[in-house]
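# 3D model of this:
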Amino acid sequence: MQNYQRPPTLHRYGLRSDLELALTLGQFRLTPAANCLTLSFSQAWDKQLFDLFAPADSCLIIHNTEEFGERLHRAVQRALPSWAGIDGVVEYGVRAALGTAFSKSIQEAPEREWLFAWRSMQTQASLNPVVVKIGSLENFAELRDRDTYLA
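Residues are numbered from 1 along each chain as shown. Presented below is the predicted three-dimensional model:
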């Protein structure tokens, strides 16, 4: 079993208006994928990812990934009590040990994705997007514009 450790930083590329809500309110939208509700981040600060995630014009950078992950899991547990959550690295070109949600094609490898995913413990749960709020991230996260990219 591989040692489980979140990366030192997580990056979410998107529109500034959405990412400002994430920074100030901790507001995130979980979206359906592979019978789960998911929230995706990149482990990379890479200018090319602005184009890959177009029309992204900003990047939310989370510096305390442990606190962020714990707060996110707690908020989803409150909103969806009969769902189980996990987060981990996405594997490219292979079947990931964590399941299909964590498996992507080799062509998607530049994303260097870290994925949060929740699966319902009930068989007939609906997979509709869910918005959760975990509180302000301003004391351990920042927004950067594409123009303030630092290699």
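# the nearest residue to Arg95 once chain neighbours are set aside and Leu25, how far apart?
Distance criterion CB to CB, 6 or more residues apart in numbering; nearest residue to Arg95, sequence neighbours excluded, is Ser103 at 5.3 Å. (Each C-beta comes from the backbone N, C-alpha and C, glycine too.) From Ser103 over to Leu25 the distance is 32 Å, taken as CB to CB, to the nearest Å.
# if you count surrounding residues, which of those two has more?
Ser103 (16 against 13; other CB atoms under 10 Å).
# pull the CA atoms of the longest helix along the chain into PDB?
Ranked by residue count and defined by DSSP state H, the top helix of the chain is helix 65-79. The C-alpha trace of helix 65-79 is given here as PDB (Å, rounded to 0.1, in the frame of the first residue of the first chain):
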ATOM      1  CA  THR A  65      -4.000  20.800   1.800                       C
ATOM      2  CA  GLU A  66      -4.600  18.800   5.000                       C
ATOM      3  CA  GLU A  67      -6.800  21.400   6.600                       C
ATOM      4  CA  PHE A  68      -8.600  21.900   3.300                       C
ATOM      5  CA  GLY A  69      -9.200  18.200   2.700                       C
ATOM      6  CA  GLU A  70     -10.500  17.600   6.200                       C
ATOM      7  CA  ARG A  71     -12.900  20.600   6.100                       C
ATOM      8  CA  LEU A  72     -14.200  19.600   2.700                       C
ATOM      9  CA  HIS A  73     -14.800  16.000   3.800                       C
ATOM     10  CA  ARG A  74     -16.600  17.200   7.000                       C
ATOM     11  CA  ALA A  75     -18.800  19.600   4.900                       C
ATOM     12  CA  VAL A  76     -19.800  16.900   2.500                       C
ATOM     13  CA  GLN A  77     -20.500  14.500   5.300                       C
ATOM     14  CA  ARG A  78     -22.900  17.000   6.800                       C
ATOM     15  CA  ALA A  79     -24.600  17.600   3.400                       C
END
